[in-house]
Structure formats: C-alpha cells, structure tokens
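J.: this one's structure only:
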C-alpha cells in the first residue's frame, strides 16, 4: 500500500478567545517588553495547546505543532509572535532610543550590504499609497511590542518557558505521534539593534550560541525544532539600493554559517528550517527569486526545508527544484507551502493534490511533507484557517 503524504503547518495558528483574554491579563514588566509570570496564562496555554493539537489531527495534519501558543507577545491580538517571543527568553536586550520602525534610510554599496530601516523597504516605498490606505487590505499588521536593542552579552534565559512548551505539546500527542516546536534563527534574531558587539557577524554568532540551548532542549525531548528564518529571503527587500545577487548571497551565507554553528551535532532529522519572504499581505514585487537564494540555503545542515510555494508570487518556482538536480541533498525533505496565508480563498483539495504532486514528481513522496506557506495565525480568520487545513489534509489523501 502506498504511504500517505505527510502534512504539517508552518507554526502559528489562530489563538482561541480564552488564550487571547489570558494574554490581555498579563502584567508588563518594568523593562517595557517582558512579562511577569502568570499561572493563569500558563494554564490557558496548556489547555489551548491540547485543543489545537486535537484540531490539527482532526483536519488531517500528521506532524502537529503547538500553534506557537507558548510564544507570547505584548498585545492580545490573534497573531503569531514568531520573533517577539524571543525577547522574553534572552537576556542582553533593553529598550533604547533606537526605534526599529523609524524609517531612517541606510544605503548599501557594492561589497557593503546593510539593512535599511524596516519601513524603508523597497516594497513598502514602491507601494506607499497602497500600504497607507486601510481600505487596500495590505500591510504588516499591528506590531506587538517595542523592539529592544542588544546592549550586553546575549544569553538564553528561557529554560522554564521552553520546558513548558515541550511539556504542553508532549502531553497533547498520542503514542507514536510526532510534534514540532518553532524557534527563531540566529540571523533573524540578530535583526534587533546592536550596541554591544563589534560587528554584525559577531552579533549573529552570539545569537547562534544562545539559541542553540533552545534548539537542544527541543530535540533532546524527541521533538522536531522548526527554525524560523525569514531573514534569508526577506532581507533582500530591506537593502537599498537593490544589491547584486552575488553580494546578497555573501551577506546571506554568514547567516547560514551561524545557523550551522547553532545546530552542530543535533539530530539532523529533527531540524527543520523555515524560510519565507516576510509573509505580510503586500505586493512582494521586490522579493528575491528562489533560484538565487537556494544555492546558499541548501548548505544548511538540516533534515527538512519549509518554504512558500502556494502564494501567487512564488508558486511558479516549484520548477527550480527540478532544475537544481544533484545540488539538492538526496536526504533533504521538502515541506512546501501548499495552502496560502495570503488569500481568504480556500484551496480545493484537488488543487492541493496537484501542488503536492509537483514536488512528489521531483523528489519522491517519502521526501515531501505538505505544509502551509507560513503561519496562519493573524493572517486569515480562524474559520478560514481551519478550512484550509482540512483541505490540505484531504488533498494529501488524494495524491495518487
């Protein structure tokens, strides 16, 4: 009998009303961006994780996650705290006069690639009128918290939080069922300001040393760690003027080297890397092409790669995998996005099956895990999100 196609998500799922209310009730610490411990919030998270795992299983998801419910943020909004959760788990950060969102341009030059301000992105400025118009329905969403700056040595302090994430997920799993937790990559974490380390590279590798402890805790528990690194692709849009492909590849290679440093000696089959192009609702006309970043990304020593493959800006790039041939490691499992966070239209199961089949034809069905493009939490209404996951599960069953 042919083995069924495995399915998963990219992490964030819609929060429940109870979890959002518990989030609102937390007390912000004096530093302005971390929270005081709350037994009520911890209990709400545990209950919500049990529920979200059961709902994934019902929808046909075979590699389940905790919905990132343990990754909390300041605002009680239905959005995945994929990045800001790390502010709660790492020391060496504090609020300064530096504002991550202040649109102060930073210009790059050949051989000297630097990130400009977040709101100075080329996609934002090219479509400034659309981004500023609430009726246009595009944008990056409400920001959850103030963004700190590295002002002293980075260190992991989230032992209790990651232990709770692990316990909540494992308690919800059935015997023999596998689960995953997400964690931030060194390259994405290091996009906070830096007033301590001498160079950007030193800053990134300091984060690599720190995040390793979180990764190790997850894999030691027998769970898959999904390392979220949208910076690998998304950074391209945040460089002015547009850099050459070669300069950007050199810029990105440092981030892959830092990632490999962080995951050294960890079980490869338990490490999944997620990349995307930022995933906010917007035109994304200035995204870098997949074929330009894969030669660098494929140097990551991971067992699985999660990536956007369903949204209309990148769906056509499934052909790149066949073009790369032997450059794709023969043990790499692909977790392409098959349903998209970027549209309220629920993909038909037959379309889901067709999209999955494209990748099966390239690498074989045992090396494809059908996923979502990126986190669904906060991107689409929860009713739509769960309809998309049900369609993903049904479509996976229809693959020939």
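T.: That came through, no problem. From a predicted model like this one, the values you see are computed outputs, not experimental measurements.

J.: quick check: what element follows the helix or strand of the chain with the lowest mean pLDDT along the chain?
T.: Ranked by mean pLDDT, DSSP states H and E, the weakest helix or strand in the chain is helix 17-24, scoring a mean of 84. Sequence-wise, the next helix or strand downstream of helix 17-24 (DSSP states H and E) is helix 39-59.

J.: got the angle for that next one vs helix 17-24?
T.: Using axes from the mean of the first three to the mean of the last three C-alpha atoms, to 10 degrees, the direction of helix 39-59 lies 150 degrees away from that of helix 17-24.

J.: which residues touch helix 39-59?
T.: Outside of helix 39-59, the residues within contact range by C-beta atoms under 8 Å, 6 or more residues apart in numbering are 9, 13, 15-16, 18-19, 21-23, 25-26, 64-67, 69-70, 72, 164, 168-169, 171-174, 177, 179, 386, 389-390, 392-393. C-betas here are computed from N, CA, C, even on glycine.

J.: which one is residue 235 nearest to, not counting chain neighbours?
T.: Distances taken as C-beta to C-beta, 6 or more residues apart in numbering put residue 115 closest to residue 235, at 6.3 Å, once the chain neighbours are dropped.

J.: where's the one you found, which helix or strand?
T.: According to DSSP H and E, residue 115 maps onto no helix or strand at all.

J.: which helices and strands sit right next to the least confident helix or strand of the chain?
T.: helix 39-59 (3 or more C-beta pairs under 8 Å, 6 or more residues apart in numbering; DSSP states H and E).

J.: buried ones in the next helix or strand after the helix it packs on?
T.: Once helix 39-59 ends, the next helix or strand along the chain (criterion: DSSP H and E) is strand 63-65. Neighbour counts over strand 63-65 (16 or more other C-beta atoms under 10 Å) mark 63, 64, 65 as buried.

J.: what comes into contact with strand 63-65?
T.: With C-beta under 8 Å, 6+ apart as the test, strand 63-65 has contacts from 6-9, 11, 13, 53, 56-57, 169, 172-173, 177-182, 224, 226, 369.

J.: quick one: the strands in the stretch 301-400 of the chain?
T.: Along the stretch 301-400 of the chain, counting by DSSP state E, counting those that start in this stretch, strands occupy 304-307, 333-339, 369-372.

J.: among the ones you listed, which is the most enclosed?
T.: strand 369-372 (a mean of 28; mean count of other C-beta atoms under 10 Å).

J.: so where's this structure uncertain?
T.: Filtered on pLDDT under 70, the chain yields the residue ranges 1, 73-81, 97-103, 139-146.

J.: stretch 105-114: end-to-end distance?
T.: End-to-end distance of stretch 105-114 (C-alpha to C-alpha, to the nearest Å): 11 Å.

J.: distance from the chain centre to it, please.
T.: With C-alpha atoms, centre = their mean, to the nearest Å as the basis, stretch 105-114 stands 26 Å off its chain's centre.

J.: tell me which residues in that stretch are buried?
T.: 108, 113.

J.: contacts for it?
T.: 115-117, 120, 239-241, 243-244, 247-248, 250-251.

J.: quick one: mark the members of the residues you listed that sit in helices.
T.: With helices defined by DSSP state H, the entries of the contacts of stretch 105-114 inside them are 247, 248, 250, 251.

J.: number of nearby residues for the third one?
T.: Spelled out, it's residue 250. Burial measure for residue 250: 14 neighbouring residues, criterion other C-beta atoms under 10 Å.

J.: ramachandran angles for the most centrally placed residue in the chain?
T.: In the chain, the C-alpha nearest the mean C-alpha coordinate belongs to residue 228, at 3.7 Å (C-alpha atoms, centre = their mean). The phi/psi pair for residue 228 (degrees, to the nearest 10) reads phi -80, psi 120.

J.: contacts only, for the closest residue to it other than its chain neighbours.
T.: Sequence neighbours aside, residue 274 is the residue nearest to residue 228 in space, at 5.0 Å (criterion: C-beta to C-beta, 6+ apart). Residues counted as contacts of residue 274 (C-beta under 8 Å, 6+ apart) are 10-11, 182, 226-230, 305-307, 335, 374.

J.: next: residue 302.
T.: 227, 263, 268, 271, 272, 273, 332.

J.: closest one of those residues to residue 287?
T.: Nearest to residue 287 among the contacts of residue 302: residue 273, at 18.0 Å, using C-beta to C-beta.

J.: element containing that closest one?
T.: strand 271-275.

J.: and that strand, which strands flank it?
T.: Strand 271-275 has the following sheet partners, assigned by DSSP bridges: strand 224-228 (parallel), strand 304-307 (parallel).

J.: make CSV from the strands of the stretch 301-400 of the chain and add distance to residue 353 to it.
T.: Formatted as CSV, the strands of the stretch 301-400 of the chain follow (distance: least, C-beta to C-beta, whole Å):
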stretch, distance to residue 353
strand 304-307, 19
strand 333-339, 9
strand 369-372, 9
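
J.: compare these and give me the one nearest residue 207.
T.: It's strand 304-307; of the strands of the stretch 301-400 of the chain, that one is closest to residue 207 (C-beta to C-beta) at 20.4 Å.

J.: contacts made by the closest one with the rest, please.
T.: By C-beta under 8 Å, 6+ apart, strand 304-307 touches 8, 10, 224, 226, 271-276, 290, 297, 332-337, 369, 371.
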